[in-house]
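Novice: I would like to see how this sequence folds:
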Amino acid sequence: MLPVLDSLEGALAGDGSASREQLRQGVELISRQLLHLLSRHDIRPDDCLGRLFDPHRHETIGTEHDASQPADVVLKVSRRGWMRGKDVLRPAKVIVNDLSQAQPSDTSHSSPPNHDQNSKA
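Specialist: Here you go, the predicted model:
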């Protein structure tokens, strides 16, 4: 952790003359250092985007309907999950594809509703 902390302190101690691009590159370097450190301890992100929802590894925060994707697949990740080996350190917060309900665009073959309130019965 100390090299990562050294990098953060170095970035904060700058004189403020760094460009936005230089700051972004510095943050990316620190992120890579931290990810490398975590991987040495078998801690890795749960790359679940596009994979089947697993209630033991993921927390659903919502659903969306995407007919081009399989049902129950992770469409979006709002907070990355983390694993250590096969153990979940933190579940990913995800949006899952829900194909169980027909969407309005999927019902174009049905007959239009009757809007004539005064029709004869």
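Novice: who's in contact with the residue nearest the centre of the chain?
Specialist: Centroid-nearest residue in the chain: V77, 1.2 Å away (criterion: CA atoms, centre = their mean). Contact analysis of V77 by CB atoms under 8 Å, 6 or more residues apart in numbering lists 48-49, 92-95. For the C-beta atoms, the positions are set from N, CA and C on the backbone; glycine is no exception.
Novice: my read is E21 is in a helix, agree?
Specialist: Yes: under DSSP: H, G, I helix; E, B strand; the rest coil, E21 falls within a helix.
Novice: can you count the residues close to it?
Specialist: E21 is flanked by 8 other residues according to other CB atoms under 10 Å.
Novice: with S7 instead?
Specialist: Around S7 there are 17 residues (other CB under 10 Å).
Novice: from the contacts of V77, which ones fall inside helices?
Specialist: With helices identified by DSSP state H, none of the entries of the contacts of V77 belong to them.
Novice: mind giving me the domain ranges of this structure?
Specialist: Domain assignment for the chain by automatic domain parsing gives 1-41, 44-100.
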